[in-house]
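J.: I would like the atomic coordinates for the input below:
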Amino acid sequence: MEIMLAIVVAIAVIFFGALISMGNERQRRAIDNLREQVVNWAQQDLRLKRAKLARDARVDDPLGWFNRLVSQVIGRGVSLQVLEAIENPRAILCAAEDGAGRVVLTPFSPGEIQRMKRAKPNRLAKYADQNPLLSLPRGVASFECSVLNQDILFDLELPLAWKGLTGHAVDDLRSVWVYWIP
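T.: This is a model prediction of the structure:
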């Protein structure tokens, strides 16, 4: 009798465990579905807001736009002065008016710059003296700025600001790296 009771209790525990597992799985699927719907709604809402704001996207003061960007990134106010705009590889060299440091703005990450230095040293040797990217000091502070950590229209305003400073149109510019050299 005791063995029969133990078997019945074991079967009941297994049965209730299976019921709880099925219920948990159903809840997990419902929560995943809800999360997916929220993500889709947020993406659509962002698309609508961007479409509405994109029509009016313009940069009247490119240097002021970059001043705000660099000030936000390095954590203190700077007033930049453009020293040079280099087209191959793309870079803008600026200096702080108070002499606190220099800034190099470029679409190239630190890893890409290292690969450029190593890949074709003979081709880039003629640019090494001219281009600040190829002579950046080791361990220089670098910050990536993109739509993910800046304004909702950053990727639309960046090419406009770049063209305003350099005079060269770049349509493929989506993010910029700020190298701060104190």
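
J.: So in the chain, where's the weakest helix or strand by average pLDDT?
T.: Least confident helix or strand of the chain, by mean pLDDT, DSSP states H and E, is helix 121-128 with a mean of 54.

J.: That one: what's the following helix or strand?
T.: With elements assigned by DSSP states H and E, the helix or strand that comes after helix 121-128 is strand 141-145.

J.: How much space separates Gly164 from Ile92?
T.: Computed as Cβ to Cβ, to the nearest Å, the Gly164 to Ile92 distance reads 11 Å. The C-beta positions use only the backbone N, C-alpha and C, and glycine is treated the same way.

J.: So which of the two has more stuff around it?
T.: Set Gly164 next to Ile92 and count neighbours by other Cβ atoms under 10 Å: Ile92 wins out with 22 against 17.

J.: The more buried one is in what secondary structure piece?
T.: Here Ile92 is assigned to strand 91-96, by DSSP H and E.

J.: Heading C-terminal from that strand, find the next helix or strand.
T.: Moving toward the C-terminus from strand 91-96, the next helix or strand (DSSP H and E) is strand 102-106.

J.: what's that next one in contact with?
T.: If you take Cβ atoms under 8 Å, 6 or more residues apart in numbering as the criterion, strand 102-106 is touched by 66, 70, 78, 80, 83, 89-96, 113, 132-133, 136, 176-181.
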